[in-house]
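# predicted model and sequence follow; I will ask about them next.
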Amino acid sequence: MRELIKKSIKDAILKSQKENVIPAFDIPEISIDCPKDEKFGDYFTNIALVMAKKIGKSPMEIADDLVKRFDLSRPKQPKEVEPQLADIFKKIEIAPPGYINFYLSGEYLQNKVAEINREKDNFGNSEIGKGIKVNNEFISANPTGPLTVGNGRGGFYGDTLSNVLKKSGFSVVNEYYINNAGEQVIKLGHSVLKDSEAVYAGEYIEQLNKKFYAARDAKEAGERSAEFVINEMIKKTVNEKMKIFFDLWISERDLLKNGDVDRAVEILKNKKITYEKDGALWLKTTEFGDDKDRVLVKSDGQKTYFASDCGYILNKIERGFDKIIEIWGADHHGYINRFRAAAKALGFSGDLKFIIIQLVKLVKDGKEVKMSKRTGNVVYIDDLIEEVGNDVARFFFLMYSPDTHMNFDLGLAKERSEKNPVYYVQYAHARIHSILAKAKNAKRKTKNYGSLSLLTHEKELSLIRELNKFPELIEEIAESYEVHKLPHYAVKLADKFHSFYDECRVIDEKNPELSAARHALINAVRIVLAEALRLMGISAPSKM
């Protein structure tokens, strides 16, 4: 839709330039947005205001000239012909100080109901991804203990982002990187053996101590403990509690064993972008945007954590990914430049995207909550899920942009009322399911939509307008990664449904044609709500 409007505006500008009404100039970026108030239309653009600064004419004059060049009077095109403005908009108006407002036609909106009922959960599917191969790595917490609520926030974000990308035509691999080699594993071993170099504490350390206290040294204790943490704690939490299913679990130890790390170091050496200093091997990461060079191999011959990163990046490159997404915790912000530098040095020419997940604080009645009994200052995601449920945990985390700190309102999360946003959305879905089940012509509602032209009530059209936004929202999130817009959309759609239902009789024996049309409308709402919830990994109950 937005692309059609942009093309029409561009064509109008070119016509105006050709007729010397406005001077020739490079056409600026054309912004198309949705107004907050529907009385100003379904879409608007400020292009006339932008152009006014360039050509010295008033915005209203420019807007008037452009609108006159739009053709809304010609007959509708056959289905096989690409739609034009006349097929979609009933009117286009200008408004001070120079906005152009576009109003969708009633027929277009009514046909959207039939389209959603026809396409079902395929509604909103897109091919903008063009099969581009995406590696989405998220969580990747060190196997030194159970997953925290911070890990959970990143996990739900990454899982939902992948779902949206897949719906948009990308080929996505979900991946968890296990850092099971190096210093953090040795520190875990010392903690398990409870010697003078112990770092980690908590109930799980007591559990590991009982299992591995007889290990020969900290290295053995750490490696055996790390394997147990991954298999018996992290994977179980991810699969059984968080309901996230990774395509691959990549092990740092395997990268070392398989030679990926050695090959990466050799490639970098052959490119003559390494050097020796103080007995160590360094990579010239400053040549690729880093603030300082990084050590690959220490003076004692041990490879660094950064060298393992290089091996992992090489592994991803050789698997042919066009886009690599790295979703990291707030404490990893400083690693971005070196990781990006390593990718460039190893020849990755695709898109590399970093998302930093900010911190989470649990609050109740405005005060911070220490919920976990296992440690004094860490809250584990499985404890939170056990307390509020996976659906609520997911929805609440997803409502916030990952780059913002968030307070997780534990009191609201445990509410079973319309105050709780996930309950509000799920209740709308369940309510529709119940209404359709009660409808006397239940079979008819899906095979015969009645006369959709009867859907003319203000609340009906407003509800359809919200449904119409779903495909564009999916594409927008696939491009911007702003996953938080999805739960907010679900709340708004549920809100518009409840508002519609309060004013419009859905089961009316005296008017079966209108009833059938409204059944089709609310079934379309049910379809879109269920798909939005599915993308977020949240259940869509039929009864509550």
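Arrived safely, thanks for sending. Residues are numbered from 1 along each chain as shown.

# C-alpha from now on. contacts and neighbour counts both.
Fine.

# who are the packing partners of the longest helix along the chain?
For the chain, the helix reaching the highest residue count under DSSP state H is reported as helix 512-535. Under the contact definition 3 or more Cα pairs under 8 Å, 6 or more residues apart in numbering; DSSP states H and E, helix 512-535 sits against helix 106-119, helix 149-167, helix 421-438, helix 444-447, helix 458-468, helix 485-503.

# pLDDT averaged over the fifth one, what's the number?
The predicted model gives helix 458-468 an average pLDDT of 97.

# count of neighbours near residue 244?
By the criterion of other Cα atoms under 10 Å, residue 244 has 18 neighbours.

# leaving out chain neighbours, which residue sits closest to it?
residue 238 (5.5 Å; Cα to Cα, 6 or more residues apart in numbering).

# related to what we said a few turns ago, now do the longest helix of the chain: distance to the chain's middle.
Centroid displacement of helix 512-535 relative to its chain, using Cα atoms, centre = their mean, to the nearest Å, is 24 Å.

# and the pLDDT at residue 81?
On the pLDDT scale, residue 81 is placed at 55.

# equivalent analysis for residue 251, please.
At residue 251, the predicted lDDT confidence score is 96.

# start the count at 6 instead of 1 going forward.
Shifting the count to begin at 6 puts that one at residue 256.

# got a list of what it touches?
Contacts here follow Cα atoms under 8 Å, 6 or more residues apart in numbering; on that basis residue 256 touches 182, 183, 184, 185.

# quick one: which of those has the most company?
Note: the member of these with the most neighbours is residue 185, at 24 neighbours, neighbours being other Cα under 10 Å.

# now do the SS call for that residue.
Taken by DSSP: H, G, I helix; E, B strand; the rest coil, the conformation at residue 185 corresponds to coil.

# residue 156: neighbour count?
For residue 156, the count of nearby residues is 22 (other Cα under 10 Å).

# how close does it get to residue 162?
Counting by Cα to Cα, to the nearest Å, the gap from residue 156 to residue 162 is 10 Å.

# ok, now residue 13?
When Cα to Cα is applied, the distance between residue 13 and residue 162 equals 36 Å.

# more crowded one of the two?
With neighbours defined as other Cα under 10 Å, residue 13 and residue 162 compare such that residue 162 has more, 29 against 19.

# nearest spatial neighbour of that one, skipping sequence neighbours?
If you skip the residues right next to it in sequence, residue 162 has residue 403 as its closest partner in space, 6.3 Å away by Cα to Cα, 6+ apart.

# ditto for residue 251
Distance criterion Cα to Cα, 6+ apart; nearest residue to residue 251, sequence neighbours excluded, is residue 179 at 5.1 Å.

# then residue 523?
On the basis of Cα to Cα, 6+ apart, the spatially nearest residue to residue 523 that is not a chain neighbour turns out to be residue 511, at 5.8 Å.

# give me the neighbour count for that neighbour.
So residue 511, with other Cα under 10 Å, has 22 neighbours.

# check what pLDDT it gets.
Model confidence at residue 511, expressed as pLDDT, equals 92.

# secondary structure element for it?
Here residue 511 sits in a region with no helix or strand, counting by DSSP states H and E.

# and what of residue 413?
Assessed by DSSP H and E, residue 413 sits inside strand 411-414.

# what pLDDT, on average, does whatever helix or strand comes next after that strand get?
Next along the chain after strand 411-414, taking DSSP H and E as the criterion, comes helix 415-418. The average pLDDT for helix 415-418 rounds to 95.

# for stretch 535-542, same thing?
Stretch 535-542 shows a mean pLDDT of 98 in the predicted model.

# ok, residues contacting it?
Everything outside stretch 535-542 that qualifies as a contact, by Cα under 8 Å, 6+ apart, is 126, 161, 164-165, 168-169, 248, 396, 399-400, 403, 434, 491-492, 495, 544-545.

# wait, the residue nearest to residue 249 sits on residue 250?
Yes: applying Cα atoms under 8 Å, one finds residue 243 in contact with residue 250, separated by 7.3 Å.

# so for these two, which sits in the more crowded spot?
In this comparison of residue 243 against residue 250, neighbours counted by other Cα under 10 Å, the higher total goes to residue 243 at 20 against 14.

# which residues does residue 493 contact?
For residue 493, the residues meeting the contact criterion (Cα under 8 Å, 6+ apart) are residue 404.

# what separation do you get for it and residue 91?
Distance check for residue 493 against residue 91: by Cα to Cα, it reads 31 Å.

# same thing with residue 407?
Between residue 407 and residue 91 the distance, using Cα to Cα, works out to 40 Å.

# more crowded one of these two?
Taking residue 407 and residue 91 together and counting by other Cα under 10 Å, residue 407 has the greater number of neighbours (24 against 18).

# contacts only, for the more buried one.
For residue 407, the residues meeting the contact criterion (Cα under 8 Å, 6+ apart) are 159, 162, 360, 361, 362, 363.

# before we move on, what about residue 144?
Applying Cα under 8 Å, 6+ apart to residue 144 gives the contacts 156, 157, 159, 160, 181, 332, 333.

# in CSV: these, plus pLDDT.
Putting the contacts of residue 144 into CSV (pLDDT from 0 to 100) gives the following:
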residue, pLDDT
156, 96
157, 97
159, 98
160, 98
181, 98
332, 98
333, 97
